[in-house]
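Visitor: Following is a predicted model, sequence given first.
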Amino acid sequence: MIPVKTGLENFVTSSQPEFANKKIGLLCNPASVDSRLRHARDLIHNRFPGQLKALFSPQHGFFAEKQDNMIESGHLTDRTLHIPVFSLYGETRVPEKEMFDLIDALIIDLMDVGTRVYTFIYTVSYCLETAKKFGRKIIILDRPNPINGISIEGNLLNPDFSSFVGRYPIPMRHGLTMGELALFINREFGIDCELDVIRLSGWKRNMYYEDTGLPWVPPSPNLPTPGSALVYPGQVIFEGTNISEGRGTTQPFLLFGAPFLDTEEITKILGGNLFPGAILRPVVFEPTSNKWSGQACQGFQIHVTDSEIYNAYETTLTLLQAIIRSSGDAFKWKSPPYEYEYEKLPVDLIIGDQHIREKIETMIPLEDIFASFKPDIDRFRSKSAAYHLYE
């Protein structure tokens, strides 16, 4: 197998005459490493000595130390280079003019996880808009989509439910790399920033992260493994409920449950513990933080047995409807706020449309709900293919 090289590695090992004497900014986090776990800050500083003038961080902070949503991080000074580290998930989520005054170009090296609600892409979108406004250039150092570049799942976001977990009408699982998605957003939504993507080499669209040979560094605290990223496009929905999504455990998103769940009744409603490409295993777990902290939760762990046929989004919606049916008044939708939205239900922001939530809770047949996604998926697949950088 040809080893996969990230955009970072291809960037620092190639001629870059346009960067001569340029002041550079870098948006990154701990997952911004090469195949030898060397960080982008160090590689770019060594490649362009003295030219790195500012660092930027997304949600969870420069060190990915902040555990939960709406836990902000402040600005810092980098102890090695003695340059500012601007938080784009703190007092502002939009870069300010004073930040971009320090740089001529912004390099972005972030791992996206292939899911609409993952906020890094919206941080990138705000950077694109700010760069356009102030005449700066953006360079994306591309990384693999860890859950492959073919599979697409779910409905398009209804623009009435735009938020920081969904600014644009894209499906829950979008099948694009960060670079491809940035190109799509930049063109399709009229930003038209000067944008370049430094491509991966050796990456194929059918690859999962384990196929790349690259080391996994968690892009955020609650995605500790590629397996957690694989279930995330569905299991993230539980963030909008009083069901623990496994935060505060060693298996976030793979575990889910609550003290009131009746796992035997849920299994009976589901007709067993087998799903296409997955097995549900009954468990009891006790979160050390977040929902139901210190309380024993009855629930399940998802074991994916065949990633090619496993559909995270449809699986979780199926589980959600069974939980609602079995739990009565004990089940609750989480109340606002959620990601700086103070009125709409968090689950509607996550799903991207209140009508799907209403269908789930009124027990509309799941087959009808899932069939409604197909036109969206077909439309997005056709449009997004124009931005594919890899075949």
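Guide: Great, that's in hand.
Visitor: Buried ones in stretch 280-298, by neighbour count?
Guide: Neighbour counts over stretch 280-298 (16 or more other C-beta atoms under 10 Å) mark 280, 283, 285, 287, 290-292, 297-298 as buried. C-beta coordinates here come from the backbone N, C-alpha and C atoms, glycine included.
Visitor: for it, the distance to its chain's centre please.
Guide: Stretch 280-298 sits 24 Å away from the centroid of its parent chain (C-alpha atoms, centre = their mean, to the nearest Å).
Visitor: And the furthest pair within the buried residues of stretch 280-298?
Guide: Within the buried residues of stretch 280-298, Leu280 and Asn290 form the most distant pair, 21.5 Å apart (C-beta to C-beta).
Visitor: How are the strands of the stretch 251-391 of the chain distributed by residue range?
Guide: For the stretch 251-391 of the chain, applying DSSP state E, counting those that start in this stretch gives strands covering 255-258, 274-275, 278-285, 297-304.
Visitor: Can you tell me how far Ser32 is from Asn145?
Guide: 16 Å (C-beta to C-beta, to the nearest Å).
Visitor: quick one, strands of the stretch 51-200 of the chain?
Guide: Taking DSSP E, counting those that start in this stretch to define them, one finds strands in the stretch 51-200 of the chain at 52-57, 76-77, 84-87, 105-108, 137-141, 194-198.
Visitor: domain assignment for the chain?
Guide: The chain breaks down by automatic domain parsing into domains covering 7-221+382-387, 226-352.
Visitor: Could I get these in a markdown table, plus columns for distance to Lys374 and mean pLDDT?
Guide: Formatted as a markdown table, the domains of the chain follow (distance: least, C-beta to C-beta, whole Å; pLDDT from 0 to 100):
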| stretch | distance to Lys374 | mean pLDDT |
| --- | --- | --- |
| domain 7-221+382-387 | 10 | 96 |
| domain 226-352 | 12 | 97 |
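Visitor: Can I get those domains in CSV including distance to Leu366?
Guide: Shown next, in CSV, are the domains of the chain (distance: least, C-beta to C-beta, whole Å):
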stretch, distance to Leu366
domain 7-221+382-387, 13
domain 226-352, 6
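Visitor: residue contacts, Ser163?
Guide: Ser163 is in contact with 338-341, 344, 349, counting by C-beta atoms under 8 Å, 6 or more residues apart in numbering.
Visitor: redo that, cut-off 10 Å
Guide: Taking C-beta atoms under 10 Å, 6 or more residues apart in numbering, we find Ser163 in contact with 117, 119, 122, 157, 338-341, 344, 346, 348-350, 352.
Visitor: ok, so what distance separates it from Leu8?
Guide: 30 Å.
Visitor: Off-centre distance for stretch 118-138?
Guide: Offset of stretch 118-138 from its chain centre (C-alpha atoms, centre = their mean): 17 Å.
Visitor: and what of stretch 343-352?
Guide: That offset, for stretch 343-352, works out to 16 Å (C-alpha atoms, centre = their mean).
Visitor: Of Ser32 and Asn145, which one has the most company?
Guide: Comparing Ser32 with Asn145 by other C-beta atoms under 10 Å, the one with more neighbours is Asn145, at 29 against 25.
Visitor: doesn't Met178 make contact with that one?
Guide: Yes: using C-beta atoms under 10 Å, Asn145 is in contact with Met178, at 8.0 Å.
Visitor: hey, what's in contact with both of those two?
Guide: Counting by C-beta under 10 Å, 6+ apart, the shared contacts of Asn145 and Met178 are 111-114.
Visitor: and which of those is nearest Ser14?
Guide: Using C-beta to C-beta, Met111 comes nearest to Ser14 of the shared contacts of Asn145 and Met178, at 20.9 Å.
Visitor: Return the set of buried residues in the longest helix anywhere in the chain.
Guide: In the chain, with assignment by DSSP state H, the single longest helix is helix 366-384. For helix 366-384, a neighbour-count test (16+ other C-beta under 10 Å) marks 366, 369-370, 373, 376-377, 380, 384 as buried.
Visitor: With stretch 198-207 instead?
Guide: Per 16+ other C-beta under 10 Å, stretch 198-207 contains these buried residues: 198-200, 203-205, 207.
Visitor: Including distance to Gln51, could these go into JSON lines?
Guide: Converted to JSON lines, the buried residues of stretch 198-207 look like this (distance: C-beta to C-beta, whole Å):
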{"residue": "Ile198", "distance to Gln51": "17"}
{"residue": "Arg199", "distance to Gln51": "23"}
{"residue": "Leu200", "distance to Gln51": "24"}
{"residue": "Trp203", "distance to Gln51": "28"}
{"residue": "Lys204", "distance to Gln51": "34"}
{"residue": "Arg205", "distance to Gln51": "34"}
{"residue": "Met207", "distance to Gln51": "33"}
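Visitor: how about the helices of this structure, start to end?
Guide: All helices of the chain, identified by DSSP H, fall at 7-12, 40-47, 97-100, 120-134, 178-188, 226-235, 263-270, 312-327, 346-351, 354-361, 366-384.
Visitor: Can you list the buried residues in the shortest one?
Guide: Which is helix 97-100. The neighbour-count check on helix 97-100 (16+ other C-beta under 10 Å) flags 99-100 as buried.
Visitor: Quick one: list the elements packing against that helix.
Guide: Contact partners of helix 97-100 among helices and strands, from 3 or more C-beta pairs under 10 Å, 6 or more residues apart in numbering; DSSP states H and E: strand 52-57, strand 84-87, helix 120-134.
Visitor: Apply 7 Å and report the result again.
Guide: helix 120-134 (3 or more C-beta pairs under 7 Å, 6 or more residues apart in numbering; DSSP states H and E).
Visitor: how much does the helix it packs on deviate in direction from strand 137-141?
Guide: 160 degrees (axes from the mean of the first three to the mean of the last three C-alpha atoms, to 10 degrees).
Visitor: And helix 120-134, what does it pack against?
Guide: Using 3+ C-beta pairs under 7 Å, 6+ apart, helix 120-134 sits against helix 97-100, strand 105-108, strand 137-141, helix 178-188.
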